[in-house]
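*Asks:* below: sequence and its predicted model.
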Amino acid sequence: MCISKKICPVPFDQQPLNEYFSLRSSWFFSWSTLTLNKYLIKIFNIFVFLFIVLIPLALFIVSNKISLYKLLFLNVFIVTLIFLLIFIRLYLGWSYIAKRLVSATVFYEESGWYDGQLWVKSSEILIKDRLIVFYEVIPFLRRVKYSILMILIVLLIEKLIYLLIL
């Protein structure tokens, strides 16, 4: 869905619509585009994988004798922190694309950082880009925002429980 060079001087990879398609098809950012069931299954699978992989890290952090449930709880806390970073990255990527699609102007670089240009979108392209943002990108952003909120709540609960265990 490339815009011709006569209409848009922006290089192919820097066109907001092409950036959106690239982000949507990427392995990492496509998580938030899955159906809710697949999204939750993906998150659970990644959580289990990280939990298993990070057990040695939790053992290394607490080198002294510690009970098994405290060790497992520490590992869950570490995995949840990693999840928070992952979802912040998801949010930043989708919000960047949303900003580029909603904007009436597009900043682009022709050959390097020193020759930036500004292109003003036509009303046709602007309307199409904004429809994509409101009907496709914003639901992804909303899902990621709610996920971040849930992760923060879980982190708070984990921290309180961990303090009660000590």
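*Replies:* Arrived safely. Numbers count the residues shown, from 1 in each chain.
*Asks:* how would you label F107: helix, strand or coil?
*Replies:* Three-state assignment for F107 (DSSP: H, G, I helix; E, B strand; the rest coil): strand.
*Asks:* thought S30 was touching F21?
*Replies:* No: at 11.2 Å, S30 does not count as touching F21 under the criterion of C-beta atoms under 8 Å. The way it works is simple: take the backbone N, C-alpha and C, and place the C-beta from them, glycine included.
*Asks:* buried residues in the longest helix seen in the chain?
*Replies:* Looking across the chain with DSSP state H, the single longest helix is helix 68-102. Residues of helix 68-102 classed as buried by neighbour count (16 or more other C-beta atoms under 10 Å): 73-80, 83-84, 86-87, 90-91, 93-95, 97-98, 100-102.
*Asks:* which stretches in the protein count as strands?
*Replies:* Assigned by DSSP state E, the strands in the chain fall at 105-109, 116-120.
*Asks:* where among those strands is the average confidence lowest?
*Replies:* Least confident of the strands of the chain, judged by mean pLDDT, is strand 116-120 with a mean of 83.
*Asks:* now do it: which elements does it pack against?
*Replies:* Here strand 116-120 touches strand 105-109, going by 3 or more C-beta pairs under 8 Å, 6 or more residues apart in numbering; DSSP states H and E.
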